[in-house]
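pasting the structure only:
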């Protein structure tokens, strides 16, 4: 996606423009200007990812910091197979998973008889902004949130999720199903409040 594209940050260093290749080479040389440009270019998108996985904002900031430390340390390994943005986002996801594995979480169970079949009005969904959705996702129990993010947002299948989280594929499927039901219920609750 960014192959030959020119990367620039308006007003930064007198409108200096670098190609992706030059930016990467600068980061490999530990050039602080290149590192700052890389941070400015990807920090926003990566922070969104970190917020989806973290339990709170402080934890998300810790994940983001760790992700950039790893990106700067291993940028020489970027092989231009896929986009630099995709590579950076993958690092953020891996850092989030690593942090959360150090601080174990449990896969919670919701009793099915207490869970109603929820239908979400498309109009309600269209009225939710990104911040609302992030808040709803962040309120999911840890296991639900992890599986939901990995499956829906990152595109992993249940076998891959099982491997990443060291669980069974059936557990991944179950957690995703329960995460969807809980999200639907929470969206419906918002709908009732806004009426």
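Nice, thanks for sending it over. Every value quoted in this text rests on a predicted model; they were computed, and no experiment measured them.

Next, the contact list for residue 138, please.
Going by CB atoms under 8 Å, 6 or more residues apart in numbering, residue 138 touches 51, 52, 54, 55, 145. Where C-beta positions appear, they are placed from N, C-alpha and C, glycine not excepted.

From residue 55, how far off is it?
8 Å (CB to CB, to the nearest Å).

what's the nearest residue to the spatially most central residue of the chain if we skip its chain neighbours?
Residue closest to the average C-alpha location in the chain (CA atoms, centre = their mean): residue 49, at 2.3 Å. Spatial nearest neighbour of residue 49, excluding adjacent residues (CB to CB, 6 or more residues apart in numbering): residue 92 at 4.6 Å.

so how far is residue 29 from the one you found?
Residue 92 is 23 Å from residue 29, where distance means CB to CB.

And these two? Which one has more around it.
Neighbour totals were compared for residue 92 and residue 29, and residue 92 leads with 26 against 10 (other CB atoms under 10 Å).

That one is in what secondary structure piece?
Using DSSP states H and E, residue 92 sits within helix 84-102.

tell me which residues of that helix are tucked away?
By neighbour count on 16 or more other CB atoms under 10 Å, the buried set for helix 84-102 is 84, 87, 88, 89, 91, 92, 93, 95, 96, 97, 99, 100.

and what of stretch 138-147?
The neighbour-count check on stretch 138-147 (16+ other CB under 10 Å) flags 138, 140, 141, 142, 143, 144, 145, 146, 147 as buried.

now do stretch 27-39
Neighbour-count burial for stretch 27-39, counted by 16+ other CB under 10 Å, picks out 27, 34, 35, 37, 38, 39.

Run through the strands of this structure in chain order.
For the chain, applying DSSP state E gives strands covering 6-8, 17-19.

And stretch 146-158, what's buried?
Neighbour counts over stretch 146-158 (16+ other CB under 10 Å) mark 146, 147, 148, 149, 150, 151, 154, 156, 158 as buried.

give me every residue that touches the residue nearest to residue 64 when sequence neighbours are not counted.
Closest residue to residue 64 apart from its sequence neighbours, by CB to CB, 6+ apart: residue 50 at 4.8 Å. Counting by CB under 8 Å, 6+ apart, residue 50 touches 60, 61, 63, 64, 67, 92, 95, 96.
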